[in-house]
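Q: Pasting a predicted model and its sequence here:
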Protein chains: 2
Amino acid sequence: MTLTITPLPGLPMVAPGDDLAELLCAALDRAGILPAEGDVIVVAQKIVSKAEGQFRRLADIAPTDAAVRIAEQTRKDPRLVQAILDESVAVVRSRPGVLIVRHRLGFVLAQAGIDQSNIDHGEETVLLLPKDPDGSAAALRSALAERLGTAPAIVIADSFGRPFRNGVTGTAIGSAGVVAHVDRRGETDLFGRVLQVSTIAHADEIAAAASLVMGQAAEGIPAAHLRGQIIAGPGKAADLIRDPETDLFA
Amino acid sequence: MTLTITPLPGLPMVAPGDDLAELLCAALDRAGILPAEGDVIVVAQKIVSKAEGQFRRLADIAPTDAAVRIAEQTRKDPRLVQAILDESVAVVRSRPGVLIVRHRLGFVLAQAGIDQSNIDHGEETVLLLPKDPDGSAAALRSALAERLGTAPAIVIADSFGRPFRNGVTGTAIGSAGVVAHVDRRGETDLFGRVLQVSTIAHADEIAAAASLVMGQAAEGIPAAHLRGQIIAGPGKAADLIRDPETDLFA
């Protein structure tokens, strides 16, 4: 079965309190798409954070000594560094231009996912990740189900860098209605042997696939619709966060 | 523009010397697809390796003392460990059940990408990665262009695990005709600010997207066709290998 991925352009600038379900339904309608069970709507982290008002004004932030020290080392604004530290449980790596942390949600990523680009609240405002992206996805799914009569799955996607490989890829930070982490342990291959590759980051592959049509923010396409080959079911994007204690690569 | 990803099932078991271009053209024909410029054919690493005869018989391998020592630690067959070491330039991580290496091609991955499943040459034979996957992709692209009159891009995909996150994702180990690593540094966002996310692992996103329809080996769908939203142009999958000297996470 062919998988189709359709960009959903034309969403207005999202502001705190906006109803994303309403905006997405309008965008789906413009694209001529009536979502069905088993479809996925991928939504950029940025518009979820904006709708939830996850802004911080740098002017309101008094950096601690630790933030000032890291800001000198990384050559970043100490108020921004404080905002990053406030979102994080540990600094993983810091050097000039680079501040990689373990986010309170468990993600290991640059700058705690805090965004300074494409924000229409002035240079001095930054945008944080959603407070609870899996919860945001579940709420958005419910709101869409109320409007549509069916409940497509939701994946909230961000662009993450990775160790060992150049470039960012679309990555799932929140999801609902899709088996984010598919466990195939115990299944056998064509010759009856147990599969070596045993678990699949299905929601990350969905986010990466959607990224191909959403591009980056400059193109302003903050959502996409996927149909076909999706493994619907219970699960959440947090299932994809590896326990630091069992990280094979760490 | 909608991106379509179509699985190409029904390829026969691939054997050394088989003409992949011929097999793929037959599969495209069965799927009713005439590839156009700008399309991508994603091919599983496994069938490329098989066509190239990248097999090793474990019975032919005499493990060194180092391999025996690592085999004890990782609880793997010492002959398999020797095959892994022969493909690698460094051991990144070893412990019971786990042997992660830097492959001679630059990839950091488990077991040097050596495969023991879905191999129809008996239990005692393993399958290595292609010798030069970017070269394999370029050769396959040329062979397809001769048959089709147009040259779709090629991505050779494998499933890689990753630090920090559970589950494998489709990853590009070879490519031709697609800008594997897209550099957007210097471009500005909707508000004229320079984009923070500056480079994109486009070929990895293509591999991950194709993985959604190819599934894992048990389903036996070793290729897919993508149309739409592909950034065609020069580049190779090796562009996605991060220089260990500049790895932000290392």
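A: Thanks, I have the structure now. Numbering: from 1, shown residues only, chains lettered A, B, ... in the order given.

Q: contacts for the lengthiest helix in chain A?
A: Assignment by DSSP state H gives helix A:133-148 as the longest helix of chain A. Outside helix A:133-148, the residues that touch it by Cβ atoms under 8 Å, 6 or more residues apart in numbering or on different chains are A:19-22, A:24-25, A:34-35, A:41, A:43, A:45, A:48, A:52, A:105, A:130, A:151-156, A:173-177, A:236-238. C-beta: built from backbone N, CA, C; applies to glycine.

Q: same question, stretch A:63-82
A: With Cβ under 8 Å, 6+ apart as the criterion, stretch A:63-82 contacts A:58-59, A:61-62, A:85, A:91, A:94-99, A:111, A:114, A:116, A:126.

Q: Could you check which helix or strand contains A:Arg79?
A: Element membership for A:Arg79 (DSSP states H and E) is helix A:78-86.

Q: mean confidence for that helix?
A: In this model, helix A:78-86 carries a mean pLDDT of 97.

Q: Let's see that helix as CSV, backbone CA atoms only.
A: Listed in CSV are the C-alpha atoms of helix A:78-86, where the atom choice follows Å, rounded to 0.1, in the frame of the first residue of the first chain:
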residue,chain,number,x,y,z
PRO,A,78,23.5,34.3,30.0
ARG,A,79,19.7,34.8,30.2
LEU,A,80,19.2,32.2,27.4
VAL,A,81,21.6,29.9,29.2
GLN,A,82,19.5,30.3,32.3
ALA,A,83,16.3,29.5,30.4
ILE,A,84,18.1,26.3,29.0
LEU,A,85,19.2,25.3,32.5
ASP,A,86,15.7,25.8,33.9
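
Q: Could I get the buried residue list for that helix?
A: A:78-85 (16 or more other Cβ atoms under 10 Å in any protein chain shown).

Q: Could I get the contacting residues of the closest residue to A:Leu127 other than its chain neighbours?
A: Distances taken as Cβ to Cβ, 6 or more residues apart in numbering or on different chains put A:Asp115 closest to A:Leu127, at 4.4 Å, once the chain neighbours are dropped. By Cβ under 8 Å, 6+ apart, the residues touching A:Asp115 are A:46, A:49, A:126-127, B:196.

Q: Could you single out the nearest of these to A:Phe160?
A: Within the set of the contacts of A:Asp115, B:Gln196 lies nearest A:Phe160; the separation is 12.7 Å, counting by Cβ to Cβ.

Q: For A:Arg227, give its distance to chain B.
A: Distance, A:Arg227 to chain B, using Cβ to the nearest Cβ, to the nearest Å: 10 Å.

Q: For A:Lys236, give its distance to chain B.
A: Where chain B is concerned, A:Lys236 sits at a distance of 12 Å (Cβ to the nearest Cβ).

Q: quick one, strands of chain A?
A: A:3-7, A:40-44, A:55-57, A:88-95, A:98-103, A:108-110, A:125-127, A:153-162, A:165-176, A:182-183, A:199-200, A:223-227 (DSSP state E).

Q: Let's have the ones you listed in TSV, adding distance to B:Thr6.
A: Below are those laid out as TSV (distance: least, Cβ to Cβ, whole Å):
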stretch	distance to B:Thr6
strand A:3-7	8
strand A:40-44	18
strand A:55-57	42
strand A:88-95	40
strand A:98-103	37
strand A:108-110	33
strand A:125-127	37
strand A:153-162	21
strand A:165-176	21
strand A:182-183	21
strand A:199-200	20
strand A:223-227	13
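
Q: Could I get these in TSV, plus columns for mean neighbour count?
A: Listed next are those as TSV, based on neighbours: other Cβ atoms under 10 Å in any protein chain shown:
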stretch	mean neighbour count
strand A:3-7	23
strand A:40-44	28
strand A:55-57	16
strand A:88-95	16
strand A:98-103	21
strand A:108-110	24
strand A:125-127	20
strand A:153-162	27
strand A:165-176	27
strand A:182-183	18
strand A:199-200	21
strand A:223-227	25
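
Q: hmm, back to that, okay, buried residues for the longest helix of chain A please.
A: A:133-134, A:136-141, A:143-145, A:148.

Q: again with stretch A:11-30
A: A:11, A:14, A:18, A:20-21, A:23-25, A:27-28.

Q: just how off-centre is that stretch within its chain?
A: Distance of stretch A:11-30 from its chain centroid, counting by Cα atoms, centre = their mean, to the nearest Å, is 18 Å.

Q: Please work out which residues outside that stretch touch it.
A: Counting by Cβ under 8 Å, 6+ apart, A:8-10, A:34-35, A:41, A:43, A:46-48, A:50-53, A:55, A:120, A:140, A:143-144, A:146-148, A:220, A:222-223, A:225 sit against stretch A:11-30.

Q: how about a cut-off of 7 Å?
A: A:8, A:10, A:35, A:41, A:47-48, A:50-51, A:53, A:120, A:140, A:143-144, A:147-148, A:222-223, A:225 (Cβ atoms under 7 Å, 6 or more residues apart in numbering or on different chains).

Q: Count residues in the vicinity of the closest residue to A:Pro35 other than its chain neighbours, would you?
A: Leaving aside its sequence neighbours, A:Pro35 sits nearest to A:Pro152 (Cβ to Cβ, 6+ apart; 4.2 Å). A:Pro152: 27 surrounding residues under other Cβ atoms under 10 Å in any protein chain shown.

Q: cool, A:Asp239 as well?
A: Neighbours of A:Asp239 (other Cβ under 10 Å): 21.

Q: quick one: the residue nearest the centre of chain A and chain B, what's the gap?
A: Chain A has A:Ala157 as the residue nearest its centroid, 3.0 Å off, counting by Cα atoms, centre = their mean. Here A:Ala157 is placed at a distance of 11 Å from chain B (Cβ to the nearest Cβ).

Q: wait, what's in contact with that residue?
A: Counting by Cβ under 7 Å, 6+ apart, the residues that A:Ala157 touches are A:42, A:44-45, A:170-172, A:207, A:210-211.

Q: Same question for A:Thr169.
A: A:159-160, A:162, A:208, A:211, B:201, B:204-205, B:208.

Q: And for A:Leu3?
A: Contacts of A:Leu3 by Cβ under 7 Å, 6+ apart are A:226, A:228-229, B:5, B:212-213.

Q: So for A:Gly161, what's the nearest residue that isn't a sequence neighbour?
A: Nearest to A:Gly161 is A:Val168, by Cβ to Cβ, 6+ apart, at 5.2 Å.

Q: Excluding covalently adjacent residues, which one is nearest to A:Ala36?
A: Nearest one to A:Ala36, counting by Cβ to Cβ, 6+ apart, is A:Thr150 at 5.9 Å.

Q: Thank you, goodbye.
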